[in-house]
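Asks: sequence? don't have it. structure:
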């Protein structure tokens, strides 16, 4: 049997979303800050949820572990993203493991129930990362930043959106396996019901035969014990004497030669 298309879509999009969300979680580039007044104009500050890095465009050098003087990491959207993104990665790994046991790779038939459960787990993981990315994006311009600077969305938010959408789509695709699972359950139930009805019919027929057999066996001896007299019968021939007497008379009436 060929692997169903929804399973193929889910097992492909799930790992892709995991890679994108992993990159979005670890890379320090959720927000880019430019236009510092007391620094060079080619300086770009990349702010993530774990680290802050300064990049100089002229020399292409990066300086990470920049000290947070504005309380950027203490903001609620950053704290929520720190909690939800790793949780989403862990849930995604669990969903892929469950899905791998359901998708037909080394077995003859796929396990639709496990594939559907794995799809639900992937869907939840995509929602977790999407909540974190969306909330950060909504509060991006309200987070602390130096005065007279320009704020813009960095590539990690884009990767987070893409990874979340891929996981959600893959999870929804895998949940279509529940339909096939329900179909198999209905077929098994109908087969069980038909088998049960067949067995009950056979049992009822056998019960009827078992009941009718004693009735027939007891009815025959009653007829043999109490036969209905149809006519009188006697083994002796009651007309035997009369036939002998009549025959003797006829013989006596015949003429003899002496009479002639």
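Replies: Sure thing, it's come through. These numbers come from a predicted model, not from an experiment.
Asks: quick one: least confident helix or strand in this protein?
Replies: Of all the helices and strands that make up the chain, the one with the lowest confidence by mean pLDDT, DSSP states H and E is helix 240-253; it has a mean of 53.
Asks: what mean pLDDT would you report for the helix or strand harbouring residue 120?
Replies: In this structure, residue 120 is located in helix 112-138 according to DSSP states H and E. The predicted model assigns helix 112-138 a mean pLDDT of 93.
Asks: got the buried residues for that helix?
Replies: Residues of helix 112-138 classed as buried: 112-133, 135-137 (neighbour count, 16 or more other CB atoms under 10 Å). Every C-beta, even on glycine, is put in place using the N, C-alpha and C of the backbone.
Asks: now stretch 55-69
Replies: The neighbour-count criterion (16+ other CB under 10 Å) identifies residue 55 as the buried residues of stretch 55-69.
Asks: also stretch 147-163?
Replies: Taking 16+ other CB under 10 Å as the basis for neighbour counts, the residues of stretch 147-163 that come out buried are 151, 154, 156, 157, 159, 160, 161, 162, 163.
Asks: test my guess that residue 58 contacts residue 44.
Replies: No: proximity of residue 58 to residue 44 does not meet the contact threshold set by CB atoms under 8 Å, at 11.0 Å.
Asks: closest to residue 10 among the buried residues of stretch 147-163?
Replies: Distance to residue 10 across the buried residues of stretch 147-163 (CB to CB) is lowest for residue 163, with 14.6 Å.
Asks: so residue 152: helix, strand or coil?
Replies: Secondary structure state of residue 152, per DSSP: H, G, I helix; E, B strand; the rest coil, is strand.
Asks: which residue is the nearest non-sequential neighbour of it?
Replies: Nearest non-adjacent residue to residue 152, counting by CB to CB, 6 or more residues apart in numbering: residue 32, 5.1 Å away.
Asks: which strand residues bridge that neighbour?
Replies: Beta bridges link residue 32 to residue 46, residue 152 when assigned by DSSP bridges.
Asks: got a list of what it touches?
Replies: Residue 32 makes contact with 44, 45, 46, 47, 151, 152, 153, 154, according to CB atoms under 8 Å, 6 or more residues apart in numbering.
Asks: how many neighbours does the fourth one have?
Replies: Read it as residue 47. By the criterion of other CB atoms under 10 Å, residue 47 has 25 neighbours.
Asks: so what's it closest to, chain neighbours aside?
Replies: Here the residue nearest residue 47, using CB to CB, 6+ apart, is residue 31, at 4.6 Å.
Asks: ok, now the first one?
Replies: Using CB to CB, 6+ apart and skipping the chain neighbours, the partner closest in space to residue 44 is residue 55 (4.9 Å).
Asks: correct me if wrong: the one you found contacts residue 62.
Replies: Yes: assessed by CB under 8 Å, residue 55 is found in contact with residue 62 at 5.0 Å.
Asks: please report how far the residue nearest to residue 47 lies from residue 117.
Replies: When distance is defined by CB to CB, to the nearest Å, residue 31 is 37 Å away from residue 117.
Asks: is it true that the residue nearest to residue 47 touches residue 150?
Replies: No: under the criterion of CB under 8 Å, residue 31 is not in contact with residue 150, lying 10.8 Å apart.
Asks: helices of this structure, start to end?
Replies: 5-26, 76-102, 112-138, 155-175, 177-225, 240-253 (DSSP state H).
Asks: cool, thanks, signing off.
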